[in-house]
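*Asks:* Sharing a sequence plus its predicted fold:
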Amino acid sequence: MGAARRRKPKSLSGTHLFVKPSTGIYWWRRTDPDTGKRVKRTTGTKNLQQALKLAQAFEDEWAKQRLGLTVLDNWKLELRPLAEEWLEAQADELCDAYLPQKRMRLFRALDLLELRRAKDLDNVAQVHDRLLALDGFTKTSKRRAFQDVLKQFSAWLAANRRYLGRDPLVNWTPIKPDPPSMRRRALLPNEMAHTLWAVDELDKRYGRASQRLLITTLLVAAPRVNALLSRDVRHLLVSESRIDLGRGVGKKRKGAACLDPTTLEELVASLDGRTEGPLFFSARGKRPTARV
């Protein structure tokens, strides 16, 4: 016999579903036989079984609307008043410190993703794409600070058919975190020790001024790099055991740059009586910069 015949895809006949080629997502579509008006809604999923369940819900709504019956799903409701109601309902359940944070996350999500009315939640694919397109957030923070709170809010809207007859975000696939190789983390103690040892060895090999104290100060005081490298000897406040980093600008606070006794002692000794000039020197004997 010849090659086995390819299995034909399951027919969507009678389901009023079709697949959008550009995304692979199932859409539901019906045409009113009386008015000729076409109604089209996305299921927000590529899974046929989930799409069929949502299509049945769409069919029920459409049938009720054609018969003039009251539809419990009011997709024109504004979300911000409903969000306030949801947060107020949790006031006794959440601690005082967590409730403001949840409020901030929810309203930030509504604003940045342009979610004004309940119907905006129904286009799951669009909400997902807008969230992924946001700049300044990792995938992990997008899931925790945006997706999770929106899914909780959406579930509350549909719970006991409170405002919506179904949860529009129930099929929203959780955003996968960044691969482990892309995650940022601090150095482990042994890794920091190896780094300092390597710096010492390289400076000795190439006859450069030691950079160990600079790296140690960055580790201990945790200042902004450019702020520390711009400091002169006069900015070392020995009596206060800290480095004056200057005034912050807006959200860019420069911190106190406090030093422990050992680091302060080593820093004072490194000055060798100098009272002016850069607080630190680069390996070439000049004022260091953040450029490598």
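*Replies:* Yep, that arrived.
*Asks:* So what does the residue nearest to residue 145 when sequence neighbours are not counted have for phi and psi?
*Replies:* Counting by Cβ to Cβ, 6 or more residues apart in numbering, residue 145 lies nearest to residue 105, which is 5.1 Å off, once chain neighbours are set aside. Every residue, glycine included, has its C-beta placed from N, CA and C. Main-chain dihedrals, residue 105, degrees, to the nearest 10: phi -60, psi -40.
*Asks:* So which residues make contact with stretch 106-120?
*Replies:* Contact partners of stretch 106-120, identified using Cβ atoms under 8 Å, 6 or more residues apart in numbering, comprise 74-80, 82-83, 87, 121, 127, 130-131, 134, 145-146, 149-150, 153, 157, 163-164, 168.
*Asks:* One more pass at 10 Å, please.
*Replies:* Taking contacts as Cβ atoms under 10 Å, 6 or more residues apart in numbering, the residues outside stretch 106-120 that touch it are 41, 73-80, 82-84, 86-87, 121, 123, 126-131, 133-134, 137, 142, 145-150, 152-154, 157-158, 163-164, 168.
*Asks:* Show me which of those are buried.
*Replies:* Buried residues within the contacts of stretch 106-120, defined by neighbour count using 16 or more other Cβ atoms under 10 Å: 41, 73, 75, 79, 82-83, 86-87, 121, 123, 126-128, 131, 142, 145-147, 149-150, 153-154, 157-158, 163-164, 168.
*Asks:* residue contacts, residue 266?
*Replies:* Contacts for residue 266 (Cβ under 10 Å, 6+ apart) come out as 212-213, 216-217, 259-260.
*Asks:* ok, now with 7 Å
*Replies:* Going by Cβ atoms under 7 Å, 6 or more residues apart in numbering, residue 266 touches residue 213.
*Asks:* What confidence value was assigned to the nearest residue to residue 162 once chain neighbours are set aside?
*Replies:* Excluding its sequence neighbours, the residue lying closest to residue 162 (Cβ to Cβ, 6+ apart) is residue 156, at 7.0 Å. We have a pLDDT of 94 for residue 156.
*Asks:* I'd assumed residue 156 was in a strand, is it?
*Replies:* No. Residue 156: not assigned to a strand; according to DSSP: H, G, I helix; E, B strand; the rest coil it is helix.
*Asks:* roughly how far apart are it and residue 150?
*Replies:* Between residue 156 and residue 150 the distance is 11 Å, computed by Cβ to Cβ, to the nearest Å.
*Asks:* Just the strands from the stretch 101-250 of the chain, written as ranges.
*Replies:* Ranges of strands in the stretch 101-250 of the chain, per DSSP state E, counting those that start in this stretch, are 236-237, 242-243.
*Asks:* which residues in the stretch 51-200 of the chain form helices?
*Replies:* Secondary structure of the stretch 51-200 of the chain, counting by DSSP state H, counting those that start in this stretch: helices at 79-89, 98-112, 118-121, 124-133, 139-142, 148-158, 189-205.
*Asks:* can you tell which of those is closest to residue 57?
*Replies:* Comparing these against residue 57 with Cβ to Cβ, the closest turns out to be helix 148-158 (10.7 Å).
*Asks:* quick one: the closest one to helix 98-112, angle?
*Replies:* With axes from the mean of the first three to the mean of the last three Cα atoms, to 10 degrees defining the directions, helix 148-158 sits at 90 degrees from helix 98-112.
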